[in-house]
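# return a 3D structure for these sequence lines:
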Amino acid sequence: MFKNINIYLKTLGCNINNLESEKLFNFLKYFKIILKKNFFNSDILIINSCIIRKNPQIKILKELKKWTFLKKYKKNIILLTGCLSEFENFKKIKLIKIDIILNSNSYMYFNKLLIFYIKNKKKIYFIKKKEKFFLKNKINNYFLIMKGCNHNCSYCVIPQTKGKEYYFSFNKIFFNIINNIKKTFCEITLLGQNVNSYIYKNINFNSLIFNLSKIKNIKRINFLSSNIKDFNKDFFFLYKNIEKISNHMHLPIQSGSNKILKKMNRKYSINEYLFFIKKIKKIKKTSLSTDIIISFPYENLFDFDLSIKIIKKIKYTDVFFFSYSKRLNTISFNFKKKDLLKKFKLKIFQKNIIKNNFFFLNNKERVLIIGYIKKNIFIGKMDNLKLVFFEHYNYNIIGTFIYLKIISIKNNFFLGVYENIY
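Numbers count the residues shown, from 1 in each chain. Just a heads-up that it's a prediction; the model follows:
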């Protein structure tokens, strides 16, 4: 219908949203697409939304207002997808002139919806509850194995937007991964709101990892995000005996206070969390990252101090922290107590937070070699997904694991030395 379509896509939120943006483009192969960095010169404007916190939602609404203002002077199509499209409160959204609203389960109909809108010029609101198909991903080797969450944390809007946990079948996951891995080596990342709770018929998360580890082309298996309550004893055995499982884990702690964890309905205590980490680190050297919420209702300065202490104690390589956002249709929405020290706590936390990248300095780390940039200058990726640059003479090492000594760290980039080279 078009010779070329100029598309501007803005993605907010987690890795799952990035994956879903890639899926959307798989269904646009019918058209000739040109991706634009600027929305002024685009025919179709797409925003993949996130509403886990209040700030992304404000950004989305501001962006949509800019686009609708542009619509007065230029004919374009505005499309909204992501978490906001599945949210029940559409009062603000209806005021903005959005042409097409569809959720992530509706992407297979995207071509038809777009053609229908162009012909009829009628607004489309298309929400599909269950996804009965499994989409391919050829770019980043991210694979979605489940959707939704059953934990019902008091602050989280995921159960309301994504629903209860829904698992893709093992056969679809397995064959989808095999069909999309065409390289002689790769690493994969399994995604889900609560990825380690996966269970389909008799196959649980441990069985899934065990079977995927048998695929020769897969050199490393990552997964995120997980909850310590859903790991069982068999996982420790797998973690010890399967080298392909990444030596880095993302384990959200959310708070260092047991009182606040109860209010959050996290279903574990600080002692249980620390005990799990001790078990993991006894098996092999493991780096960790986490999420934490500051200024949750009823959090006093003592609880806040406990959060800072636990982060310093565990020595995470990455800490993703956010101020609490009050979200509609969550349990914590009804908590009346507000934190008047929110900005103060945020500043204190930023000063005290230390990324423990120097934990790797002068240590030997396992690195998957992914390519080279210049003659004899290679790039590798550590288990914590950080990039390492080093010198080597043999191009046959691409796609293999080697151990490098980290000699220098600049921002998030590492310089390494392969000691056996000389």
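# alpha carbons only for contacts and neighbour counts from here, please
Will do.
# I figured I7 hits K36, correct?
Yes: counting by Cα atoms under 8 Å, I7 sits close enough to K36 to count as a contact (5.8 Å).
# residues in contact with N329?
N329 makes contact with V157, Q160 under the criterion Cα atoms under 8 Å, 6 or more residues apart in numbering.
# please redo it, this time with the cut-off set to 7 Å
N329 is in contact with no residue at all, counting by Cα atoms under 7 Å, 6 or more residues apart in numbering.
# separation between N202 and S169?
In this structure, N202 and S169 are separated by 11 Å, where distance is defined by Cα to Cα, to the nearest Å.
# so which of the two has more stuff around it?
Neighbours of N202 and S169, each counted by other Cα atoms under 10 Å, are more numerous for S169; the result is 16 against 7.
# you'd agree that one is up against K201?
No: applying Cα atoms under 7 Å, one finds S169 not in contact with K201, separated by 8.5 Å.
# what do those two both touch?
Taking Cα under 7 Å, 6+ apart as the contact criterion, S169 and K201 have no common neighbours.
# shared neighbours, I7 and K36?
The contact lists of I7 and K36 share S42, where a contact means Cα under 7 Å, 6+ apart.
# and I181, how many residues sit next to it?
Taking other Cα under 10 Å as the definition, I181 ends up with a neighbour count of 19.
# which parts of the stretch 101-250 of the chain are strands?
124-126, 142-144, 146-147, 166-167, 186-191, 199-200, 203-204, 218-224, 248-250 (DSSP state E, counting those that start in this stretch).
# got these as a markdown table, with mean pLDDT and mean neighbour count columns?
As requested, the strands of the stretch 101-250 of the chain are exported to a markdown table (pLDDT from 0 to 100; neighbours: other Cα atoms under 10 Å):
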| stretch | mean pLDDT | mean neighbour count |
| --- | --- | --- |
| strand 124-126 | 74 | 16 |
| strand 142-144 | 86 | 22 |
| strand 146-147 | 88 | 22 |
| strand 166-167 | 90 | 19 |
| strand 186-191 | 87 | 20 |
| strand 199-200 | 92 | 18 |
| strand 203-204 | 92 | 14 |
| strand 218-224 | 89 | 21 |
| strand 248-250 | 92 | 20 |
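# wait, which of these is closest to F358?
In terms of Cα to Cα, the element of the strands of the stretch 101-250 of the chain nearest to F358 is strand 248-250, at 15.5 Å.
# how distant is that closest one from the center of its chain?
Between the centre of strand 248-250 and the centre of its chain there are 12 Å (Cα atoms, centre = their mean, to the nearest Å).
# sketch out the helices for the stretch 51-200 of the chain, chain order is fine.
Assignment of helices within the stretch 51-200 of the chain using DSSP state H, counting those that start in this stretch yields the ranges 54-70, 91-95, 110-120, 158-161, 170-180.
# shaky segments in this protein?
Low-confidence segments of the chain, defined by pLDDT under 70: 1-3, 28-31, 86-96, 127-140, 182-185, 354-356, 420-422.
# circling back to that earlier point, just send the strands of the stretch 101-250 of the chain back as a markdown table, with distance to I293 too.
Supplementary listing: the strands of the stretch 101-250 of the chain in a markdown table, determined by distance: least, Cα to Cα, whole Å:
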| stretch | distance to I293 |
| --- | --- |
| strand 124-126 | 33 |
| strand 142-144 | 25 |
| strand 146-147 | 23 |
| strand 166-167 | 26 |
| strand 186-191 | 22 |
| strand 199-200 | 29 |
| strand 203-204 | 30 |
| strand 218-224 | 18 |
| strand 248-250 | 15 |
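# looking at these, which is nearest to I47?
With respect to I47, and counting by Cα to Cα, the nearest of the strands of the stretch 101-250 of the chain is strand 124-126 at 14.9 Å.
# sheet partners, orientation included, of the closest one?
Within its sheet, and counting by DSSP bridges, strand 124-126 is paired with strand 100-102 (parallel).
# list of residues touching the strand it pairs with?
Among residues not part of strand 100-102, those counted as contacts by Cα under 7 Å, 6+ apart are I78, L79, L80, T81, S85, K123, I124, Y125, F126, I127.
# show me what contacts the fourth one?
Translated: T81. Listed by Cα under 7 Å, 6+ apart, the contact partners of T81 are I47, N48, S49, I101, L102, N103, S104.
# and those residues as TSV, adding neighbour count and distance to K285?
Compiled in TSV, the contacts of T81 are given as follows (neighbours: other Cα atoms under 10 Å; distance: Cα to Cα, whole Å):
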residue	neighbour count	distance to K285
I47	20	40
N48	24	37
S49	25	37
I101	22	46
L102	23	44
N103	23	40
S104	23	37
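# just the CA trace of stretch 166-176, in CSV.
In CSV, the C-alpha atoms belonging to stretch 166-176 read as follows (Å, rounded to 0.1, in the frame of the first residue of the first chain):
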residue,chain,number,x,y,z
TYR,A,166,0.6,-17.8,31.8
TYR,A,167,3.4,-20.2,30.6
PHE,A,168,4.3,-20.9,27.0
SER,A,169,4.6,-24.7,26.2
PHE,A,170,8.0,-26.3,26.4
ASN,A,171,7.9,-27.5,22.8
LYS,A,172,7.2,-24.0,21.5
ILE,A,173,10.0,-22.5,23.5
PHE,A,174,12.5,-25.2,22.6
PHE,A,175,11.8,-25.2,18.8
ASN,A,176,11.6,-21.4,18.7
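# so how far is it off the chain centroid?
For stretch 166-176, the distance from its own C-alpha centre to the chain's C-alpha centre is 19 Å (Cα atoms, centre = their mean).
# on that earlier part again, neighbour-wise, which of I7 and K36 wins?
The residue with more neighbours, out of I7 and K36, is I7; 20 against 17, by other Cα under 10 Å.
# what residues sit buried inside the helix or strand that contains the more buried one?
Using DSSP states H and E, I7 maps to strand 5-11. For strand 5-11, the buried set under the neighbour-count rule, 16 or more other Cα atoms under 10 Å, comprises I5, N6, I7, Y8, L9, T11.
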